[in-house]
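Chemist: Got a predicted model here, sequence first, then my questions.
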Amino acid sequence: LDFMGISIIQPILPFFAKTFNATPTELGALYSSYSAMSFFASMFMGRAADKFGRKPMIIFSLFGTCIGFLLCGFAQSYGQLLAFRFVTGFFGATAPVAMAVVTDLVPSASRAKYLAAQGAIISLAFVVGPGLGSGLGQFGIRVPFFVSSGLGLFGMLFAIVFLRESHPVILKQRRVLASSKDKTHASDNAEAEQDTTSAELEAMNSS
């Protein structure tokens, strides 16, 4: 969905930039700004996914993609559009995290097949997206941005509901924490029972 949103924008971006009297150099900057920020963000996203988990970073990225495309759709000047392209590019680095999820969940014997399928889906997005974007452009030059934003929102909600954390270290930490809580709860129950028994004995001795 993330790459579909990107590809939907491709055919209409030159025409949208033209409404702000953008020069060919400025149009090139609109494309380069997104790619440059995605390049730097991919390094950050990889480290963050190892530290905070795969699911939180995918949700974070899709949320930023949703907001970024929405802001681009509301841009009122070339400067705003360029700034919003930087913002959108920063969040457009879900691919490394998605590959990490596949690596976590899929056995090594089948991993290459699933990674290849992931690459094929990305390629398919760039086949379908431009045609969809040009068709949506018939309803308004800003409509493809809003649709891309909606795809980002849908992807984020889908990840929140259905995506499960796959980082093995974080899963181990959660199991240790849950086990510690269970032991603490059992210890508290044992102490409570002991206190109750002592109170009953004292009551019997008093009587």
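Modeler: Received it, and whenever you're ready, just let me know what you need. Residues are numbered from 1 along each chain as shown.

Chemist: How far does the strand or helix carrying Leu124 sit from its chain's centre?
Modeler: According to DSSP states H and E, Leu124 maps onto helix 108-136. Helix 108-136 sits 17 Å away from the centroid of its parent chain (Cα atoms, centre = their mean, to the nearest Å).

Chemist: Give me the pLDDT for the most centrally placed residue in the chain.
Modeler: The chain has Ile58 as the residue nearest its centroid, 2.3 Å off, counting by Cα atoms, centre = their mean. Here, the pLDDT recorded for Ile58 equals 89.

Chemist: Same check on Phe20?
Modeler: If you check Phe20, the pLDDT there is 95.

Chemist: quick revisit: tell me the buried residues in the helix holding Leu124?
Modeler: Going by neighbour count (16 or more other Cβ atoms under 10 Å), the buried part of helix 108-136 is 114, 122, 125, 129-130, 132-133, 136. Glycine gets a C-beta too; all of them are placed from N, C-alpha and C.

Chemist: now, which of the residues you listed sits nearest Ser38?
Modeler: Taking Cβ to Cβ as the measure, Ser38 lies nearest Ile122 of the buried residues of helix 108-136, at 12.9 Å.

Chemist: Which residue is the nearest non-sequential neighbour of that closest one?
Modeler: Among residues not flanking Ile122 along the chain, Phe3 sits closest, at 5.0 Å (Cβ to Cβ, 6 or more residues apart in numbering).

Chemist: now the helices for this structure?
Modeler: Along the chain, counting by DSSP state H, helices occupy 2-9, 13-18, 24-52, 54-73, 78-91, 94-105, 108-136, 143-162, 168-206.

Chemist: Flag whichever of those has the least confidence on average.
Modeler: Lowest mean pLDDT within the helices of the chain: helix 168-206, at a mean of 60.

Chemist: how much space between Ser77 and Phe15?
Modeler: Separation of Ser77 from Phe15 (Cβ to Cβ, to the nearest Å): 16 Å.

Chemist: Check the buried residues of helix 108-136 and tell me the two furthest apart.
Modeler: Maximum distance among these (Cβ to Cβ): 31.0 Å, for Tyr114 and Leu136.

Chemist: How about the contacts made by the nearest residue to Met156 once chain neighbours are set aside?
Modeler: Excluding its sequence neighbours, the residue lying closest to Met156 (Cβ to Cβ, 6+ apart) is Leu62, at 3.9 Å. By Cβ atoms under 8 Å, 6 or more residues apart in numbering, the contact set of Leu62 is 1-2, 91, 94, 152-153, 155-156, 159.
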